[in-house]
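Engineer: I would like to see how this sequence folds:
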Amino acid sequence: RQVSSDRHSAMYEKIRMAPGNENTSAKVLKALAEIDRILDIMEPGTLALSFNGGKDACAMMHLVREACEHHRTHKFTHVQPIWFKNPSDEFPELVTFVQDQAAKFFTHPSQVRNMEGRPLNRLWTLHIANEKDFISGLAKVQRQ
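Structural biologist: Numbers count the residues shown, from 1 in each chain. Next comes the predicted model:
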């Protein structure tokens, strides 16, 4: 199934209207079509998104959000964001950025609050310091 530009108008139109973005807008449509296809295959609640605050992860998050916005069965709240965080090798600015993005985009829809009274977010943080921790973290996620 092909995704039309009006189905994903918000993101597509912003990119299409910027000068020199013809190639990028075509790639966005192709990416949205592929994500839409994946959402058709996956059951709601079975899709995870690795989010580390990098530009690729941010772009992917926005593409998945846009695709979920227009999908008939999936909502972005069905996607589980995961941060594989290396506690000994993260810039403080990146940690703050990821936390800010989690507050903005991954807030729990029921408005559950944490002990400080802030809205609870859905971002799982798995602390990894080496390859063994990463593999162990993936195994934990798969058991969820």
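
Engineer: Show me the strands in this protein, by range?
Structural biologist: 47-50, 79-85, 124-127 (DSSP state E).

Engineer: With respect to burial, which of these scores highest?
Structural biologist: With neighbours defined as mean count of other Cβ atoms under 10 Å, the strands of the chain peak in mean count at strand 79-85, which reaches a mean of 20. For glycine as for every other residue, the C-beta is placed from the backbone atoms N, C-alpha and C.

Engineer: any idea of the mean pLDDT for that one?
Structural biologist: Taken as a whole, strand 79-85 carries a mean pLDDT of 91.

Engineer: what's that strand in contact with?
Structural biologist: 45, 47-53, 61, 64, 68, 95, 98, 102, 105-106, 122-128, 134, 137, 141 (Cβ atoms under 8 Å, 6 or more residues apart in numbering).

Engineer: Could you do stretch 102-120 as well?
Structural biologist: 51, 61, 65, 76-77, 81, 83, 121-123.

Engineer: Could you find the closest non-adjacent residue to the most centrally placed residue in the chain?
Structural biologist: Among the residues of the chain, the one closest to the centroid is M61, at 3.1 Å (Cα atoms, centre = their mean). Sequence neighbours aside, F51 is the residue nearest to M61 in space, at 5.8 Å (criterion: Cβ to Cβ, 6 or more residues apart in numbering).

Engineer: Okay then, goodbye and thanks.
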